[in-house]
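Colleague: Build me a model:
(2 chains)
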2 protein chains.
Amino acid sequence: MLAEASGRYRAVGVDDADPAAVSVAVVWQHEPGSLQRYPNLSLVHSLGHGVEQILDDPGLPDVQVARLVDPGIPAAIARWTTRIVLSHTQREEEYREHQAAGRWRPMRRRYPESVRVGVLGLGEVGRAVAGMARGVMHPVAGWRATDEPVPGVHVLTGRDGLRDLFETSSVVINTLPSTPDTRHLVDRELLAALPDGAWFVNVGRGDVVSESVLLAALDDGLPALAHLDVFEEEPLPADSELWSHPNVRITPHVSGPTSTRTALPPLVENIHRVLDGLEPNHVVDRARGY
Amino acid sequence: MLAEASGRYRAVGVDDADPAAVSVAVVWQHEPGSLQRYPNLSLVHSLGHGVEQILDDPGLPDVQVARLVDPGIPAAIARWTTRIVLSHTQREEEYREHQAAGRWRPMRRRYPESVRVGVLGLGEVGRAVAGMARGVMHPVAGWRATDEPVPGVHVLTGRDGLRDLFETSSVVINTLPSTPDTRHLVDRELLAALPDGAWFVNVGRGDVVSESVLLAALDDGLPALAHLDVFEEEPLPADSELWSHPNVRITPHVSGPTSTRTALPPLVENIHRVLDGLEPNHVVDRARGY
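Modeller: Numbers count the residues shown, from 1 in each chain, chains lettered A, B, ... in the order given. Below you'll find the predicted structure:
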């Protein structure tokens, strides 16, 4: 929290703040309703890219919300998805099975040029993911709300574009945030339209696909493998069937960690903007949800 | 084989060739001694980067040997090792174990900037491996016979340099060919010098490390994991203990496959050079072994 005392501002922990002196709250997974304690708040600043947890707080004061655009996050997520794309092209999972069976069997090579990567969402993260996939020689399609072009990416829009992306991509990577428009966007029909052997990767938000729909689709063989770093409920509940599904790889929301090294400079800049009476960067449109 | 008839040259299969008409033999895993059938041979051309199998043939005629430098191979191997480097940094193996135990436990993040990659050999393959590791933000050290510089790579030489590389690299990647100088170069002392948790990757030639030495080192915990694509004997014998070692990942020599798409143009060019009376490219120095 940023609190004022004798005309000077300083960063304070939640328990040390005089509520009336707090003008900026920097939050991550705050307790719903807790921001009402600060009558003079002018900005709620997220410590991560996602703001759905802030916007879902029914007790959110009527002040601006800004999200952190940490330049390290898109790069880290792009390295994460690149590892998965390369694993697909290099048939790593099949070779693991062959080793377990003691089998020496070179398989037909996959050329990256023939393995299209489909990216859902072309914001900071989606563009970084697309750029690095192209860097390792994969053609890339991307889906977004508008048809604004992205260099080197075949941009698709609308429901038809979404279906086109699923039909033609061997690895589909979701980078979309959680908003009213993206909730359960990836449905059974889209997953069934994937080419044989295609993978689904989620590094955006878990509720872009319903877990039960995804499980049923996996049981039908498409996607052939799902790499999930985000979930409808986090931590993923111990009784979720995803944990033990043979065609699911689970990581605990670690693909794009906020790093003080890269996050602090833009956060400090944004706070200075507020103190200087300027509009902060990356203000959230509450209606759009991001 | 390239054979002459009525003043014109054509490519012919081994069984179709008039032995006296053959001037160039393009070979991969040929039968030792079989090249003596061709009295007018002027060049033996390897279909891959490695030529040790040609040079080991006691019946090799006294003609030039050229190796194929397929520009697709270094790029493919660099994508292969990049996937493994990213897997290390992203702690993929540990997260697989956590999933198997149903455990949601985000671990301390590894920054690529803090994970040094050490590359043995800085030929076409080693430089491509080093370049892509740098592209995903890793510092890179490289070891070679001479101290000829490579941009962006901390170049080490000699036995002291080799020890330095092992002591300071979290992922050591061998790209060295099989020569009298590289045979069993990676010994027990070097492996024991690796930092805790370090990985060893072999995409060069299997006999750079003795399999029994590597197994003993793995049992001592260093390297923590070995990704092996090449072996002293290939196919890897069914009774090798490597198959079932929990800290070994085996693939059947597929990291850098020769592709007709990228290999044919330089091969055809080299044959034209010979027919035109020019020195072929990439002639092997028999004494060095590559």
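
Colleague: what sits against residue A:109?
Modeller: B:254, B:257, B:259 (C-beta atoms under 8 Å, 6 or more residues apart in numbering or on different chains). Every C-beta, even on glycine, is put in place using the N, C-alpha and C of the backbone.

Colleague: How about the secondary structure of the residue lying closest to residue A:289 once chain neighbours are set aside?
Modeller: Closest residue in space to residue A:289, ignoring its immediate chain neighbours: residue A:179 at 3.3 Å, by C-beta to C-beta, 6 or more residues apart in numbering or on different chains. Assigned state for residue A:179: coil (three-state reduction, DSSP: H, G, I helix; E, B strand; the rest coil).

Colleague: burial measure for residue A:179, as a count.
Modeller: Close neighbours of residue A:179, defined as other C-beta atoms under 10 Å in any protein chain shown, add up to 19.

Colleague: circling back: inside helices: which ones of the contacts of residue A:109?
Modeller: Counting by DSSP state H, those place none of their members in helices.

Colleague: In strands only, show me these.
Modeller: Using DSSP state E, no member of these falls within strands.

Colleague: Any chance of a markdown table for these, columns neighbour count?
Modeller: Listed next are the contacts of residue A:109 as a markdown table, based on neighbours: other C-beta atoms under 10 Å in any protein chain shown:
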| residue | neighbour count |
| --- | --- |
| B:254 | 18 |
| B:257 | 16 |
| B:259 | 15 |
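
Colleague: near chain A too, which of those residues?
Modeller: Subset of the contacts of residue A:109 in contact with chain A: B:254, B:257, B:259, counting by C-beta under 8 Å from any C-beta of the partner chain.

Colleague: Put together a markdown table for those residues, with pLDDT on each row.
Modeller: Conversion of the ones next to chain A among the contacts of residue A:109 to a markdown table gives the following (pLDDT from 0 to 100):
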| residue | pLDDT |
| --- | --- |
| B:254 | 97 |
| B:257 | 86 |
| B:259 | 81 |
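
Colleague: how about these in a markdown table, adding distance to residue B:238?
Modeller: Putting these into a markdown table (distance: C-beta to C-beta, whole Å) gives the following:
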| residue | distance to residue B:238 |
| --- | --- |
| B:254 | 18 |
| B:257 | 23 |
| B:259 | 29 |
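
Colleague: Identify the residue nearest residue A:58 in space, chain neighbours excluded?
Modeller: Closest to residue A:58 by C-beta to C-beta, 6+ apart is residue A:32, at 6.7 Å.

Colleague: Verify the stated contact: that neighbour with residue A:54.
Modeller: No: look at residue A:32 against residue A:54 with C-beta atoms under 8 Å: they stay out of range, at 9.5 Å.

Colleague: quick one, phi psi at the residue sitting nearest the centre point of chain A?
Modeller: In chain A, the centroid-proximal residue (C-alpha atoms, centre = their mean) is residue A:204; its distance is 2.3 Å. With angles defined as degrees, to the nearest 10, residue A:204 sits at phi -90, psi -100.

Colleague: tell me the contacts of residue A:161?
Modeller: Taking C-beta under 8 Å, 6+ apart as the test, what residue A:161 contacts is residue A:143.

Colleague: and it, that's in a helix?
Modeller: Yes: Residue A:161: assigned to a helix according to three-state DSSP.

Colleague: Need the pLDDT of it.
Modeller: In this model, residue A:161 is scored at 98, pLDDT.

Colleague: Next, find the distance separating it from residue A:179.
Modeller: To residue A:179, residue A:161 is 18 Å away according to C-beta to C-beta, to the nearest Å.

Colleague: wait, residue A:286 sits on residue A:55?
Modeller: Yes: judged on C-beta under 8 Å, residue A:286 makes contact with residue A:55 at a distance of 6.2 Å.

Colleague: list residues touching both of the two?
Modeller: The contact lists of residue A:286 and residue A:55 share residue A:65, where a contact means C-beta under 8 Å, 6+ apart.

Colleague: if you skip the residues just before and after it, what's nearest to the residue of the stretch 151-290 of chain A found nearest chain B?
Modeller: Per C-beta to the nearest C-beta, residue A:235 is where the stretch 151-290 of chain A lies closest to chain B, at 3.9 Å. Of all residues not flanking residue A:235 in the chain, residue B:104 sits nearest, at 3.9 Å (C-beta to C-beta, 6+ apart).
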